[in-house]
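**Q** What follows is a protein structure lacking sequence information:
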């Protein structure tokens, strides 16, 4: 065997001398371990919440109270009637009620059975009759027939809680307030603005996120979004304009075409809830009671 052959073999054997089980060859690259998502800071949440509000303002520049009313008394009564029913049904019911009883004095002196019959379509009509006649009597006896413009006075009226009071204050008197209804509660929890379940605690936490000047319109925008897109049972995630800001994206239908079919009111091409919507509303007025459409 020549020296060159020995040298070649020696070199090959040297290159292949590392056994398969040696520490260096056995050491594999460590598997990638997904790091848990970093919890959102308070500051980041506040920024995200305010951005949602700004973007909803662009989506719903026409957001408004969806109860028909011409004065604080009508709004107060309509809001009490809206419990456990839709604003549409209330709006279809109140024209006849207010035509017969246009003032607190008139309603306070009414025959209960006649009021019950007029508001029957709103449901729970006996309890609601007691509430609206009671608050009418209180307005007559304690406030000179006028709806008070203070929270502490409104919540003393029969059937009037904080939610109803803030609806009246914000939309009849221009006093900022947060309306924590079922839609508002659902969405602010989905958006991780709060983990509270009690309406008063939710109100307090949301009030710390937004300036007071935004409270009333924030309420309208959130409620509009909840009624039209972010539904309770099946949110239209695939048709939602703020998915990039929503930590709960995917709870509902994500397919865009299927999601579009879930949209309601003007977003879905259907009539709104008001028979007499404000100027600038892009949808169709709701039909009166008993009419189709």
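**A** The structure has been received and is ready for your questions. Since the model is a prediction, treat every value here as computed from it, not as a measurement.
**Q** Which residue comes closest to residue 195 once chain neighbours are left out?
**A** Nearest residue to residue 195, sequence neighbours excluded (CB to CB, 6 or more residues apart in numbering): residue 189, at 7.0 Å. Any C-beta I mention is one placed from the backbone N, CA and C, and that applies to glycine too.
**Q** count of residues packed around that neighbour?
**A** Neighbour count for residue 189, taken as other CB atoms under 10 Å: 15.
**Q** Who are the contact partners of residue 74?
**A** 68, 94, 98 (CB atoms under 8 Å, 6 or more residues apart in numbering).
**Q** which stretch of helix or strand covers it?
**A** Here residue 74, judged by DSSP states H and E, is contained in helix 72-81.
**Q** Check which element follows that helix along the chain.
**A** helix 87-100.
**Q** And that following helix, what does it pack against?
**A** helix 72-81, helix 112-119 (3 or more CB pairs under 8 Å, 6 or more residues apart in numbering; DSSP states H and E).
**Q** I'd like the mean pLDDT over that helix, please.
**A** Helix 87-100 comes out with an average pLDDT of 98.
**Q** Now do the host helix or strand of residue 166 against helix 72-81, angle only.
**A** Using DSSP H and E, residue 166 maps to helix 162-172. Here helix 162-172 points in a direction 150 degrees away from that of helix 72-81 (axes from the mean of the first three to the mean of the last three CA atoms, to 10 degrees).
**Q** 49 is where my numbering starts, stick with that
**A** Yep, numbering from 49; the last one is helix 210-220 now.
**Q** Let me know the average pLDDT across helix 210-220.
**A** Averaging pLDDT along helix 210-220 yields 97.
**Q** And for it, what's in contact with it?
**A** 113, 115, 117, 119-120, 123-124, 127-128, 195, 197, 199, 202-203, 223-229, 247-248, 251, 263-264, 267.
**Q** For residue 277, which of the helices and strands packed on helix 135-148 is the nearest?
**A** With CB to CB as the criterion, residue 277 lies closest to helix 120-129 of the helices and strands packed on helix 135-148, at 23.5 Å.
**Q** Off-centre distance for the closest one?
**A** Relative to its chain's centre, helix 120-129 lies at 21 Å (CA atoms, centre = their mean, to the nearest Å).
**Q** just stretch 85-105 next, same as before
**A** The mean C-alpha position of stretch 85-105 is separated from the chain mean by 16 Å, CA atoms, centre = their mean.
**Q** burial of residue 226, as a residue count?
**A** For residue 226, the neighbour count with other CB under 10 Å is 25.
**Q** Nothing else from me, thank you.
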